[in-house]
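Trainee: predicted model follows, preceded by the sequence.
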Amino acid sequence: MRKRKTKKELQKPKLKATYIALGIAAFISLGLIILRAIAFNNAAVADTYSEKVFQPLAKGLSSVINLLPFSLTELLVVGGVLTLTALTVYGIARLIRHPAWRWRRLLKSTLVVLTIALFALSLFLAFHGIHYARSPLSEALGLTVKERSCEELEYATIAFARAAGKVREDLPEDENGVLIVSSLRDLFKDSHIGWDKAGEIYPALKSSIRPVPKNVILSYYWSYTHIVGMYMPLFVEVNVNTDQPDYAIPATAAHEVAHARGFAREDDTNLAGYISCIHHPDPVWRYSGLISAWKHLNNRLYSENRDRWANAYAYITPAVARDLKAGREYWKTFETPVATISTAVNDAYLKANKEEDGVKTYGQVVDLLLAYIETVGAP
């Protein structure tokens, strides 16, 4: 037994198939990189790609992923880290114990890892990266984005506070008077309804892609990163941190579903998600969308005029105030260096995808919300 094992280890590793796989991966990824570069110079290319290529491919992949009752992303992260660690330790030990063809074996392993990385990059570009070059959603919706007065901002903040308070009145609460979602499974299963209704009004939001958001089992630990949701382009899968306060879960899911339906830039994604929420027949979805939008408006108003902010905040009802307080108290327990690092990584990622303001891009939805209100007349 030992002799056969030694003889097998002495065999020269074959690299031909590895080089071929690497060449294919490099060719595909390079082609997509070039396409993305062209799209950033001509948004029509990205728009056409999204409609003609991304939509049918993502619809098929998403339909398969929806059949899985668990988050494939979470399984990949947890299982992948453990597997990669084990394989790395095993590989190093094997290289030390068996010196025959050591450098050639190491080269083959490196090429395999590089091939996998290039295929992953290709999937990212195909199912998300190119969308950063799409035309702004405001153009498709006919919105006029311009500089607004502080008075307009105050009016919008008050309007959203009133709307949120009205929808919140009859929603279920826990013993502390904080909103609760009775069934996350049913909530996620019906996530497409708001999108379908919004798509009937706004063709730009119409899509046959219907990803069902997935609950992340390790959501509590995920909160240490301050990540509330994640779209995984490799699987067209929507993942949601369900440990966060319930009132924020629908809006988070809508935001990530927007990514899965072809929106990449965070301001466009926030607006698309909001519109899907307010057109949903379930008041929990509408409330979550309204309060999420209100937060962006409230934060901007606070930074521009404290007096106007105080006046606008007075329109928050006691029930909404309880939800907001629960949210503040929840996230306060997760203020750690991990959250700081996570934010820095996300900031770098957004800037790498030509969102020059990084994480500040999330707040730029305020300009779109103000334009939307001007167009439709109400939140």
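Mentor: Now that the structure is in, tell me what you want to look at.
Trainee: ok, the closest residue to residue 53 other than its chain neighbours to residue 336 distance?
Mentor: Counting by CB to CB, 6 or more residues apart in numbering, residue 126 is the residue found nearest to residue 53 once chain neighbours are left out, at 7.9 Å. In this view, the C-beta of every residue, glycine as well, is placed from N, C-alpha and C. Distance, residue 126 to residue 336, by CB to CB, to the nearest Å: 35 Å.
Trainee: who's more crowded, those two?
Mentor: Here residue 126 and residue 336 are compared on neighbour count by other CB atoms under 10 Å; more neighbours surround residue 126, at 22 against 13.
Trainee: and that one, which helix or strand is it part of?
Mentor: In the assignment (DSSP states H and E), residue 126 maps to helix 102-127.
Trainee: quick check: pLDDT value at the residue nearest to residue 366 when sequence neighbours are not counted.
Mentor: The shortest distance from residue 366 to any residue other than its chain neighbours is 4.7 Å, reached at residue 300 (CB to CB, 6+ apart). At residue 300, the pLDDT value in this model is 92.
Trainee: tell me if residue 300 really is in a helix.
Mentor: Yes: read with DSSP: H, G, I helix; E, B strand; the rest coil, residue 300 is one of the residues of a helix.
Trainee: count of residues packed around it?
Mentor: Close neighbours of residue 300, defined as other CB under 10 Å, add up to 23.
Trainee: let me know the secondary structure of residue 148.
Mentor: Reducing the assignment to helix, strand or coil with three-state DSSP, the entry for residue 148 is coil.
Trainee: ok, it touching residue 370?
Mentor: Yes: assessed by CB atoms under 8 Å, residue 148 is found in contact with residue 370 at 4.9 Å.
Trainee: more crowded one of those two?
Mentor: It is residue 370, of residue 148 and residue 370, that has more neighbours when counted by other CB under 10 Å, with 23 against 18.
Trainee: pull out the buried residues from the helix or strand where that one lies.
Mentor: Assigning secondary structure by DSSP H and E places residue 370 in helix 365-376. Residues of helix 365-376 classed as buried: 365, 366, 367, 368, 369, 370, 371, 372, 373 (neighbour count, 16 or more other CB atoms under 10 Å).
Trainee: again with stretch 211-224
Mentor: Within stretch 211-224, the residues scored as buried using 16+ other CB under 10 Å are 211, 212, 213, 214, 215, 216, 219, 222, 223.
Trainee: next one: stretch 330-338
Mentor: By neighbour count, with 16+ other CB under 10 Å as the criterion, the buried positions of stretch 330-338 are 331, 334.
Trainee: let me know the next secondary structure element after the helix holding residue 126.
Mentor: Tracing the chain past helix 102-127, the next element assigned as helix or strand by DSSP H and E is helix 137-141.
Trainee: contacts made by that following helix with the rest, please.
Mentor: The set of residues external to helix 137-141 that reach it, using CB atoms under 8 Å, 6 or more residues apart in numbering, is 144-145, 202-204, 263, 268, 271-272, 368, 371-372, 375.
Trainee: what about 6 Å?
Mentor: For helix 137-141, contacts defined as CB atoms under 6 Å, 6 or more residues apart in numbering pick out 145, 202, 204, 268, 271, 368.
Trainee: farthest pair within those residues?
Mentor: The largest distance within the contacts of helix 137-141, taken as CB to CB, falls between 145 and 202 and amounts to 16.0 Å.
Trainee: would you double-check that residue 17 falls in a helix?
Mentor: Yes: read with three-state DSSP, residue 17 is one of the residues of a helix.
Trainee: of the contacts of helix 137-141, which belong to helices?
Mentor: Using DSSP state H, the subset of the contacts of helix 137-141 located in helices is 268, 271, 368.
Trainee: one step back: residue 316: which of the buried residues of stretch 211-224 is nearest?
Mentor: Compare each of the buried residues of stretch 211-224 with residue 316 using CB to CB and the shortest gap goes to residue 223, at 24.3 Å.
Trainee: for this structure, name the helix or strand with the lowest mean pLDDT.
Mentor: Confidence across the helices and strands of the chain bottoms out at helix 2-9, with a mean of 47, counting by mean pLDDT, DSSP states H and E.
Trainee: ok, now how distant is the residue nearest to residue 366 from residue 241?
Mentor: From residue 300 over to residue 241 the distance is 24 Å, taken as CB to CB.
Trainee: do the same with residue 41
Mentor: Shown here: residue 41 relative to residue 241, a distance of 36 Å by CB to CB.
Trainee: same deal with residue 148?
Mentor: When distance is defined by CB to CB, residue 148 is 32 Å away from residue 241.
Trainee: returning to that earlier point: can you list the buried residues of helix 365-376 in a markdown table and add pLDDT and distance to residue 319?
Mentor: What follows is the buried residues of helix 365-376, written out as a markdown table (pLDDT from 0 to 100; distance: CB to CB, whole Å):
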| residue | pLDDT | distance to residue 319 |
| --- | --- | --- |
| 365 | 87 | 24 |
| 366 | 91 | 24 |
| 367 | 91 | 29 |
| 368 | 94 | 27 |
| 369 | 94 | 23 |
| 370 | 93 | 26 |
| 371 | 92 | 29 |
| 372 | 93 | 25 |
| 373 | 91 | 23 |
